[in-house]
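> Turn this into a structure:
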Amino acid sequence: MTNGAELIRRELTVRLVRAFDGGRLEEEIDRIPVLMRPRGGPCSRSSVWHDRAVLKYRLMALMGFSCEAEEDESRTLRSYLEEMKEAPPPRGDPLTVCSAGCDGCRQRAFMVTDNCRGCFARPCAWNCPAGAVSVERMHASIDPAKCVRCGKCAGVCPYRAIVEVTVPCEAACPVGAIRKDENGQARIDFAKCIFCGACFSSCPFSAIMEKSQLVQLLYALRDGERITAVVAPSAAWQFEGTVEQLFAAIRGLGFDDTIEVARGAELTTEHEAREFVERMKGGARLMTTSCCPSWANLARKHVPQALPFVSDTPSPMAFAADIARERRPGNRVAFIGPCIAKRDEALRRGSVDYVVSFEELGAVFEARGIVPSALAPARLDRPAREDARNYARSCGVTESVLRGLASELPEGFRLDAKYVDGLDRRSVAQIRLYASGRLPCNFLEVMSCRGGCVSGPCSLHG
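Below is the predicted model of the structure:
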């Protein structure tokens with residue numbers, strides 16, 4: 001647990017699961033915000049009523065509803081729950097913004113702090129191209145009407161007295177997909193969004209939320225629906241104990257079968273290796289990996305010049321879903337992982353019915369008192385290879401795909417493999433250079449999250 005936003009998300013989910021397990025969810029769901037923020041108790045925002053409103057919208061999102069689509073503020077959570085049980089809400093874009101939670105952060109700006117000494121040199125004023133900086137009474141000030149936010153004043157101040165104040169969600173987004181509306185509230189442009197989850201992770205008010213399928217999945221498991229869980233390789237870094245113990249814990253939740261997504265990664269490795277050899281023999285300049293859905297979205301929406309170089313090989317999740325359906329033809333499939341973009345990929349491909357995050361799975365374990373490391377290990381029909389499990393880390397895909405390919409590549413071919421470890425505005429610009437050929441490379445691995453999937457936005461942080 002690294003911050004209060006994660007703590008609130010977990011507490012809310014734990015309470016919801018316990019009410020569900022006790023058969024009291026319909027009666028108690030509207031009480032959960034009140035129980036978490038009783039009158040006279042401590043609050044996170046301006047009042048307990050403000051906190052309760054935010055918690056209500058979080059519960060809506062846990063049931064899969066979009067906060068923006070709300071038309072009647074007086075509508076009860078129980079009515080949303082009953083609607084979800086009748087017909088799950090359309091999955092659509094996986095993120096929603098809670099206006100009640102958004103602080104309406106001020107626009108990006110530069111401010112002069114009390115460290116300013118009003119020095120004689122006044123480099124801030126001399127270097128400002130817009131004439132926005134002035135010094136009066138031994139203290140600099142910045143005229144916001146003139147400031148062009150270039151940052152030169154901050155860069156030359158010898159006292160580091162000028163600081164940049166950013167909007168965290170906007171600053172974190174690598175593609176400029178999030179902006180303020182006319183009321184100062186955050187809004188996501190889904191035509192630009194690559195679902196990397198950077199805004200979700202960076203918002204200090206946790207106003208950007210996932211539209212979850214957890215409650216729908218809980219009802220499906222309770223009703224005896226046969227569901228196969230396909231578990232992302234990064235699970236090994238999320239929970240104490242072995243993969244086999246984690247699978248025992250997941251099967252204990254009611255899943256009919258469990259499969260390592262690393263099994264799908266083995267197939268991705270084989271297909272991408274073959275595809276790389278064929279492309280290089282055919283004279284191609286570059287091939288990039290395809291397993292990160294945020295990277296695929298980035299290429300499709302923002303770097304179209306890179307699209308011809310993106311591998312056609314399906315992702316490990318897609319292959320694992322195929323394995324799941326072959327093993328249990330009548331089963332539905334639930335992906336468990338750390339990634340928001342997988343919700344988008346699952347919707348577009350249609351091969352996965354539910355997507356649940358590690359954060360949500362951890363909350364379910366806590367609600368039910370399940371400690372994976374204390375369980376007897378489950379038997380795996382065939383454990384995945386270690387190199388496939390290593391897909392969860394940056395460079396893991398590269399190491400797996402390129403292992404042993406030297407003899408199959410054209411004579412005299414020089415392998416030049418590079419990787420992009422995390423998407424931000426600088427790395428997006430770097431990718432454009434690779435795509436244009438201005439940076440040398442013939443095999444490029446791109447991971448949206450720094451360090452790989454082990455650092456996904458919905459992973460467990462301690």
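
> tell me the helices in the stretch 151-300 of the chain, going along the chain?
For the stretch 151-300 of the chain, applying DSSP state H, counting those that start in this stretch gives helices covering 152-156, 168-172, 198-202, 214-222, 243-251, 261-281, 293-301.

> Ok, which of these comes nearest Val34?
helix 214-222 (19.2 Å; C-beta to C-beta). In this view, the C-beta of every residue, glycine as well, is placed from N, C-alpha and C.

> Give me the contacts around that closest one.
With contacts defined as C-beta atoms under 8 Å, 6 or more residues apart in numbering, helix 214-222 is touched by 13, 16-17, 20, 62-64, 81, 84-85, 88, 227, 253-255, 332, 334, 354, 356, 360, 364.

> hmm, back to that, looking at the helices of the stretch 151-300 of the chain, spot the one closest to Ser46.
Across these, closest to Ser46 is helix 168-172 (C-beta to C-beta), at 19.5 Å.

> can you list the domain ranges for this protein.
4-104+177-211, 109-165, 225-455 (automatic domain parsing).

> can you list the helices of the stretch 151-300 of the chain in JSON lines and add mean pLDDT and distance to Gly40?
Listed next are these as JSON lines, based on pLDDT from 0 to 100; distance: least, C-beta to C-beta, whole Å:
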{"stretch": "helix 152-156", "mean pLDDT": "95", "distance to Gly40": "44"}
{"stretch": "helix 168-172", "mean pLDDT": "92", "distance to Gly40": "31"}
{"stretch": "helix 198-202", "mean pLDDT": "93", "distance to Gly40": "32"}
{"stretch": "helix 214-222", "mean pLDDT": "97", "distance to Gly40": "30"}
{"stretch": "helix 243-251", "mean pLDDT": "96", "distance to Gly40": "39"}
{"stretch": "helix 261-281", "mean pLDDT": "96", "distance to Gly40": "47"}
{"stretch": "helix 293-301", "mean pLDDT": "96", "distance to Gly40": "44"}
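
> want to throw these into TSV with mean neighbour count and distance to Cys102?
Converted to TSV, the helices of the stretch 151-300 of the chain look like this (neighbours: other C-beta atoms under 10 Å; distance: least, C-beta to C-beta, whole Å):
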stretch	mean neighbour count	distance to Cys102
helix 152-156	17	27
helix 168-172	19	9
helix 198-202	23	11
helix 214-222	20	23
helix 243-251	21	35
helix 261-281	21	34
helix 293-301	22	23
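
> Can you flag the buried ones in the contacts of helix 214-222?
Neighbour-count burial (16 or more other C-beta atoms under 10 Å) applied to the contacts of helix 214-222 gives 13, 16-17, 20, 62-64, 81, 84, 88, 227, 253-255, 332, 334, 354, 356, 360, 364.
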